[in-house]
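# The following block contains a protein sequence and its predicted model.
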Amino acid sequence: MSEIIAIANQKGGVGKTTTAVNLAASLAAAEKRVLLVDADPQANATIGLGFSRSDYEYNIYHVMIGRKALSEVILNTELKTLDLVPSNIGLVGIEKAFYDDTTKGKELILKKKLAEVKSNYDYIIIDSPPALGPITVNALSAAHSVIIPIQCEFYALEGLAQLLNTVKLIKKTINPKLRIKGFLPTMYSPQNNLSKQVLLDLQQHFKSKLFEDKNDACIVIPRNIKLAESPSFGKPIILYDIKSKGSVAYQHLAQSILATA
Ligand SMILES: Nc1ncnc2c1ncn2[C@@H]1O[C@H](COP(=O)(O)OP(=O)(O)OP(=O)(O)O)[C@@H](O)[C@H]1O
Ligand SMILES: [Mg+2]
């Protein structure tokens with residue numbers, strides 16, 4: 001059975017896309033069949049995997065409004081078992097399309113579309129935008145679980161209560177099976193006291209929801225220049241610098257997810 005994992009946090013720039021792309025690629029490198037769904041109008045995951053506007057005509061927006069089947073927009077990537085549903089700035093139109101359409105069940109559109117292809121994949125990873133709007137609600141409604149990246153910086157935990165409330169509400173109303181798969185500390189700098197403090201706070205409040213490697217050490221994504229560079233080469237870190245600290249950390253995350261499958 002396939003597992004659908006949403007990557008969400010309404011805070012901007014916390015490492016959602018970096019996590020979605022590199023977790024998806026690391027799972028694919030472990031020979032799992034993976035579909036990465038770019039559900040952000042910024043299309044950073046699409047661009048980060050090396051696609052430009054001229055490479056594809058239709059995207060997730062056309063699927064969500066019913067103009068195309070999901071299978072018609074899927075792109076193959078450089079990794080054999082990693083496929084991508086691309087996005088485009090036009091996805092901002094979804095809010096208006098949803099507002100104009102008065103039929104019920106709009107929260108479940110993505111779930112219905114994914115149902116058409118999910119038997120082809122072991123994992124479906126959804127990258128969501130920095131907002132708690134209709135797209136993120138669709139992602140959380142479609143997912144079995146959610147990974148919440150937390151940037152190890154000042155204000156890291158601000159807004160978290162709102163996100164957790166949204167998860168709770170969706171669980172209560174639309175998607176009773178939704179669970180928090182884990183919090184993922186990102187951009188961690190060991191030489192920075194603030195970074196260390198955020199990690200300590202997370203360990204204190206959410207110990208059971210942090211990912212662990214096979215030696216039971218907490219998985220933390222380090223601040224790593226290679227992770228920041230790889231999207232500009234259109235590659236996941238595993239194809240850009242497999243031995244970098246960032247690549248190793250995302251491989252550990254994938255292993256931890258495979259170990260608990
Ligand atoms: N571990 C890391 N080390 C260094 N740079 C990183 C790391 N993770 C992410 N970055 C960089 O930080 C920026 C924000 O990361 P990313 O795009 O993944 O965040 P996001 O949460 O998806 O942002 P948005 O909310 O805009 O969608 C990017 O430039 C990315 O390359
Ligand atoms: Mg993003």
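Structure's in. What do you need? Numbering: from 1, shown residues only. Ligands and ions are numbered 1, 2, ... in the order given.
# quick one: Tyr121 and Ile74, what's the gap?
Distance of Tyr121 to Ile74, computed by Cβ to Cβ, to the nearest Å: 10 Å. Glycine gets a C-beta too; all of them are placed from N, C-alpha and C.
# Equivalent analysis for Asp213, please.
32 Å.
# sec struct for the residue lying farthest from the centre of the chain, please.
For the chain, the residue at maximal distance from the C-alpha centroid (Cα atoms, centre = their mean) is Thr102, at 28.7 Å. Classification of Thr102 using DSSP: H, G, I helix; E, B strand; the rest coil returns coil.
# and what of Lys235?
Three-state call for Lys235 (three-state DSSP): coil.
# Any idea how many residues pack against it?
Using other Cβ atoms under 10 Å, Lys235 has 20 neighbouring residues.
# Name the residues of the lowest-mean-pLDDT helix or strand in the chain that are buried.
Between all helices and strands in the chain, the lowest mean by mean pLDDT, DSSP states H and E belongs to helix 93-100, at a mean of 82. For helix 93-100, burial by neighbour count (16 or more other Cβ atoms under 10 Å) applies to Ile94, Phe98.
# For the helix or strand just after it, which outside residues touch it?
Going down the chain from helix 93-100, the next helix or strand is helix 109-115, by DSSP states H and E. The contact list for helix 109-115 (Cβ atoms under 8 Å, 6 or more residues apart in numbering) reads 4, 37, 39, 63-64, 70, 124, 126, 138-139, 141-142, 175.
# From the chain's centre, how far out is helix 109-115? Work that out for me.
16 Å (Cα atoms, centre = their mean, to the nearest Å).
# what about the helix or strand just after it, near ligand 2?
Sequence order places strand 123-127 as the next helix or strand after helix 109-115, per DSSP H and E. No - residues of strand 123-127 contacting ligand 2 under Cβ under 5 Å from the ion: none, with a closest distance of 6.0 Å.
# hey, what's in contact with both of Tyr121 and Ile74?
Any residue near both Tyr121 and Ile74 by Cβ under 8 Å, 6+ apart counts here, and that gives Leu35, Asp83.
# Looking at the two, which has the bigger crowd around it?
Tyr121 (21 against 17).
# was I right about that one contacting Val34?
Yes - at 6.2 Å, Tyr121 and Val34 qualify as touching, with contact defined as Cβ atoms under 8 Å.
# what touches both of these two?
By Cβ under 8 Å, 6+ apart, the residues touching both Tyr121 and Val34 are Asp83.
# Using PDB, write out every CA atom in stretch 168-180.
Taking Å, rounded to 0.1, in the frame of the first residue of the first chain, the C-alpha atoms of stretch 168-180 are listed here in PDB:
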ATOM      1  CA  LYS A 168      -6.300  18.600  14.700                       C
ATOM      2  CA  LEU A 169      -9.300  20.100  13.000                       C
ATOM      3  CA  ILE A 170      -8.700  18.200   9.700                       C
ATOM      4  CA  LYS A 171      -8.300  15.000  11.700                       C
ATOM      5  CA  LYS A 172     -11.600  15.600  13.500                       C
ATOM      6  CA  THR A 173     -13.600  16.500  10.400                       C
ATOM      7  CA  ILE A 174     -12.100  15.300   7.100                       C
ATOM      8  CA  ASN A 175      -9.300  12.900   7.600                       C
ATOM      9  CA  PRO A 176      -9.500  11.000  10.900                       C
ATOM     10  CA  LYS A 177      -6.400   8.900  10.100                       C
ATOM     11  CA  LEU A 178      -4.100  11.900   9.700                       C
ATOM     12  CA  ARG A 179      -1.100  11.700  12.100                       C
ATOM     13  CA  ILE A 180       2.000  13.700  12.700                       C
END
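# Understood, closing this out.
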